[in-house]
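**Q** Give me the fold of what follows.
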Amino acid sequence: QVQLVESGGGSVQSGGSLRLSCAASGYTSSRYCMGWFRQAPGKEREGVASINTYGRTSYAESVKGRFTISLDNAKNTLDLQMSSLKPEDTAMYYCAAGYSRFYFDTCPYNYWGQGTQVTVSS
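**A** The predicted structure is shown next:
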């Protein structure tokens with residue numbers, strides 16, 4: 001069973017930066033995928049960024065150029081560097097993971113963390 005533990009959330013002023021981390025354990029394959037999702041009060045959960053062990057990344061249009069996702073395969077740690085934060089980035093951020101064998105596989109996101117709160121004030 002894959003377990004995911006997020007850290008690094010907090011409060012920051014508009015224009016500031018935060019770095020989220022997700023420590024993963026329990027992988028049974030070296031080929032997996034991970035992503036960050038967020039959910040603001042009253043809104044649906046949305047994908048923020050994703051990466052797989054081949055290094056393939058994707059970003060939501062709303063965060064391109066401001067957020068950077070990275071994966072340390074050796075440590076099974078996923079990071080999200082968030083810069084130029086805006087009040088609309090305020091949400092609970094979740095780390096998710098799944099297994100993906102091939103470069104273009106869609107990540108199934110079978111495993112989820114508990115979330116970490118990010119609050120951006122104007």
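**Q** Now name the helix or strand holding the residue nearest in space to the middle of the chain.
**A** Centroid-nearest residue in the chain: Trp36, 2.2 Å away (criterion: CA atoms, centre = their mean). Trp36 is part of strand 32-39 when elements are defined by DSSP states H and E.
**Q** Downstream of that strand, the next helix or strand is which one?
**A** Note on strand 32-39: by DSSP H and E, the next helix or strand toward the C-terminus is strand 46-52.
**Q** For the helix or strand that that next one is followed by, give me every contacting residue.
**A** Per DSSP H and E, the first helix or strand lying C-terminal to strand 46-52 is strand 57-59. With contacts defined as CB atoms under 8 Å, 6 or more residues apart in numbering, strand 57-59 is touched by Val48, Ala49, Ser50, Ile51, Phe67, Ile69. C-beta: built from backbone N, CA, C; applies to glycine.
**Q** Spit out the contact partners of the last one.
**A** With contact set as CB under 8 Å, 6+ apart, Ile69 has these partners: Gly35, Trp36, Ala49, Ser50, Ile51, Thr57, Tyr59, Leu78, Asp79, Leu80, Gln81.
**Q** Please produce a ChimeraX select command covering the buried subset of those residues.
**A** The ChimeraX command for the buried members of the contacts of Ile69 (criterion: 16 or more other CB atoms under 10 Å) is given here:
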select :35,36,49,50,51,59,78,79,80,81
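**Q** List just the nearest of the contacts of Ile69 to Tyr111.
**A** Ranked by distance to Tyr111 (CB to CB), the contacts of Ile69 are led by Gly35 at 10.8 Å.
**Q** In contact with that closest one, which residues?
**A** Gly47, Val48, Ala49, Ser50, Ile51, Ile69, Cys95, Ala96, Ala97, Cys107, Tyr109 are the contacts of Gly35 under CB under 8 Å, 6+ apart.
**Q** and if you look at Ala60?
**A** Glu46, Gly47, Val48, Ala49.
**Q** Throw those into JSON lines and include distance to Arg19 and pLDDT, thanks.
**A** Formatted as JSON lines, the contacts of Ala60 follow (distance: CB to CB, whole Å; pLDDT from 0 to 100):
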{"residue": "Glu46", "distance to Arg19": "20", "pLDDT": "97"}
{"residue": "Gly47", "distance to Arg19": "19", "pLDDT": "97"}
{"residue": "Val48", "distance to Arg19": "14", "pLDDT": "98"}
{"residue": "Ala49", "distance to Arg19": "13", "pLDDT": "98"}
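**Q** That concludes my questions; thank you for your assistance.
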